[in-house]
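Engineer: Sequence plus the predicted model coming up.
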Amino acid sequence: GMVNNSGDVVDSRLDIVGKPLAQMLEKRTGVPVRIERRPNAAALAEALFGAGKGFNSLVYLTSGRGVGAGIFIDGEIYRGRYGTAGEIGLLRLPDEKGRVEEIARPSAVAAEFSRLKGESCGFTAFLQAFQAEDPQAVTLAMRNAEHLAFAAETAAATPATPPPATITSYFLLSSNMAFS
């Protein structure tokens, strides 16, 4: 769902909009809680503990039901004026017939692979074919990586010096590939 700069859930498929989730969790656990968009939380985790450790700025891409980015600049999560920085799934791809999340999310990759193969294939079948170096799967994986790189470049385009991009998505993690 969508989270504003105050950490309030403002849009969700679950019945949690407008509810004081952070306060409820703090009361139950006894520890401070901040509600955050999944890509932002992942970017913070990468910056503190993962591939981004030691970098002051990074962009973290995630791909699942959609495509999003967490942007970490000068040691802080960058949310933008309305808390929507990193909502890159709706970016229209250059020279393509769709938007980033319509083409690069795992279900879209599986659908395209099925079309290429002429049979129904799930994402796991695509990953297995990629790992077996199937030419169609490799070509599709490279196209997906280019789309995610475009999204990372767009997300990183700020008035400040663009941060190094850490591109990690469900697809890239699942196929044991990581680009840093």
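Structural biologist: Nice, thanks for sending it over. Every value quoted in this text rests on a predicted model; they were computed, and no experiment measured them. Numbering: from 1, shown residues only.
Engineer: now the strands: where do they sit in this protein?
Structural biologist: 2-3, 9-11, 58-63, 67-73, 76-78, 165-167 (DSSP state E).
Engineer: which residue is nearest the middle of this structure?
Structural biologist: Geometric centre of the chain, nearest residue: Thr62, 1.8 Å, by Cα atoms, centre = their mean.
Engineer: how close does it get to Gly52?
Structural biologist: 14 Å (Cβ to Cβ, to the nearest Å). Any C-beta I mention is one placed from the backbone N, CA and C, and that applies to glycine too.
Engineer: Could you give me the buried positions within stretch 71-83?
Structural biologist: Within stretch 71-83, the residues that count as buried by 16 or more other Cβ atoms under 10 Å are 71-73, 77-79, 83.
Engineer: I meant stretch 9-22, not that one.
Structural biologist: 9, 21-22.
Engineer: okay if I get those residues as JSON lines plus pLDDT and distance to Leu48?
Structural biologist: Output for those, formatted as JSON lines (pLDDT from 0 to 100; distance: Cβ to Cβ, whole Å):
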{"residue": "Val9", "pLDDT": "79", "distance to Leu48": "23"}
{"residue": "Leu21", "pLDDT": "85", "distance to Leu48": "22"}
{"residue": "Ala22", "pLDDT": "87", "distance to Leu48": "20"}
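Engineer: Closest one of these to Leu127?
Structural biologist: Val9 (32.4 Å; Cβ to Cβ).
Engineer: Could you check how far the closest one is from Ile77?
Structural biologist: 16 Å.
Engineer: report the longest helix in the chain, please.
Structural biologist: The single longest helix within the chain, with elements called by DSSP state H, is helix 135-156.
Engineer: Put the alpha carbons of that one into PDB.
Structural biologist: Output of helix 135-156 as PDB, limited to C-alpha atoms (Å, rounded to 0.1, in the frame of the first residue of the first chain):
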ATOM      1  CA  PRO A 135      18.500 -18.600 -25.500                       C
ATOM      2  CA  GLN A 136      14.900 -17.200 -25.300                       C
ATOM      3  CA  ALA A 137      15.100 -17.100 -21.400                       C
ATOM      4  CA  VAL A 138      18.500 -15.400 -21.500                       C
ATOM      5  CA  THR A 139      17.300 -12.800 -24.000                       C
ATOM      6  CA  LEU A 140      14.200 -12.100 -21.900                       C
ATOM      7  CA  ALA A 141      16.300 -11.900 -18.700                       C
ATOM      8  CA  MET A 142      18.600  -9.300 -20.400                       C
ATOM      9  CA  ARG A 143      15.600  -7.300 -21.600                       C
ATOM     10  CA  ASN A 144      14.200  -7.400 -18.000                       C
ATOM     11  CA  ALA A 145      17.600  -6.200 -16.600                       C
ATOM     12  CA  GLU A 146      17.600  -3.300 -19.100                       C
ATOM     13  CA  HIS A 147      14.100  -2.300 -18.000                       C
ATOM     14  CA  LEU A 148      15.100  -2.400 -14.400                       C
ATOM     15  CA  ALA A 149      18.300  -0.500 -15.100                       C
ATOM     16  CA  PHE A 150      16.200   2.200 -16.900                       C
ATOM     17  CA  ALA A 151      13.900   2.400 -13.800                       C
ATOM     18  CA  ALA A 152      17.000   2.700 -11.500                       C
ATOM     19  CA  GLU A 153      18.500   5.400 -13.600                       C
ATOM     20  CA  THR A 154      15.200   7.300 -13.600                       C
ATOM     21  CA  ALA A 155      14.800   6.900  -9.800                       C
ATOM     22  CA  ALA A 156      18.400   8.000  -9.300                       C
END
